[in-house]
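[1] Using only what follows, build the 3D model:
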Amino acid sequence: MRRRWAAAIGLAAVAAVLAPGAGAAKRTGAIQIYVSGSSVTTPILVTGVVTDHGTATSVTKAGKPDENGNYEKIVLKKGGFWVDATALNKLLNGVKPTIDTKNCFFAFKGTGPTKLFKGSGAYAGISGNVDVTVNFVAIGPTKANGKCNMAQNVPPIAQYGNVTGSGTASY
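    Residues are numbered from 1 along each chain as shown. Next comes the predicted model:
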């Protein structure tokens with residue numbers, strides 16, 4: 001009887017090793033995202049359960065680059081994934097920025113949820129939730145009379161933006 005159990009356990013172990021996907025345990029854990037810049041495509045650094053770097057591009061649902069897109073296409077060295085920022089953008093649209101016309105600057109900060117999906121390469125099957133904070137500050141130009149020119153069609157003379165996030169992911 002003992003010999004049959006040993007043989008059965010041995011066969012089960014061999015089957016587990018030979019089975020498709022064997023040893024490919026699902027990875028789950030904390031994830032942190034760091035982006036700096038304010039253009040459509042910016043550098044990104046990801047740490048935690050995904051530790052990698054590459055670029056983040058703001059896109060439409062169809063994948064077309066768009067500075068006002070509700071999605072981010074993340075392309076990293078070992079794979080990639082998408083971030084659905086629709087809920088975050090909806091919250092950010094309601095945030096009141098700081099506008100200082102005396103010192104001629106504009107500042108904005110907001111936080112909201114995002115979802116990870118559409119993984120590829122090493123991150124195939126990724127899912128997760130990341131709370132993201134967006135920071136942006138810009139200095140506006142002055143008019144000939146020395147007053148601040150904060151018109152929407154006038155580009156800032158200097159700007160800085162960053163995005164950070166933390167949450168959990170599985171793939």
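[2] lowest-pLDDT helix or strand in this protein?
    Ranking every helix and strand in the chain by mean pLDDT, DSSP states H and E puts helix 2-18 at the bottom, with a mean of 37.
[3] Adjacent strands (with direction) for the helix or strand following that one?
    The first helix or strand that comes after helix 2-18 along the chain, using DSSP states H and E, is strand 28-36. With DSSP bridges as the test, strand 28-36 is paired with strand 41-48 (antiparallel), strand 158-170 (antiparallel).
[4] Spell out which helix or strand contains Leu88, please.
    Going by DSSP H and E, Leu88 is part of helix 86-92.
[5] Mind checking what helix or strand follows that helix in sequence?
    Helix 86-92 is succeeded, C-terminally, by strand 98-100 (DSSP H and E).
[6] Return the distance of that following strand from the chain's centre.
    27 Å (Cα atoms, centre = their mean, to the nearest Å).
[7] swap in stretch 144-163?
    Counting by Cα atoms, centre = their mean, stretch 144-163 comes out at 27 Å from the chain centroid.
[8] That one: end-to-end distance?
    34 Å (Cα to Cα, to the nearest Å).
[9] which helices and strands does whichever strand in the chain runs longest pack with?
    In the chain, ranked by residue count with DSSP state E as the criterion, the top strand is strand 105-121. Judged by 3 or more Cβ pairs under 8 Å, 6 or more residues apart in numbering; DSSP states H and E, strand 105-121 is in contact with strand 79-84, helix 86-92, strand 98-100, strand 127-139, strand 158-170. Using the backbone N, CA and C atoms, a C-beta is placed for each residue, glycine as well.
[10] what lines up beside it in the sheet?
    Using DSSP bridges, strand 105-121 pairs in its sheet with strand 79-84 (antiparallel), strand 98-100 (antiparallel), strand 127-139 (antiparallel).
[11] how about JSON lines for the ones you listed, with mean neighbour count added?
    Listed next are the strands paired with strand 105-121 as JSON lines, based on neighbours: other Cβ atoms under 10 Å:
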{"stretch": "strand 79-84", "mean neighbour count": "21"}
{"stretch": "strand 98-100", "mean neighbour count": "12"}
{"stretch": "strand 127-139", "mean neighbour count": "18"}
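[12] Next, the contact list for Thr42, please.
    For Thr42, the contact set (Cβ atoms under 8 Å, 6 or more residues apart in numbering) comprises Val35, Ser36, Thr55, Ala56.
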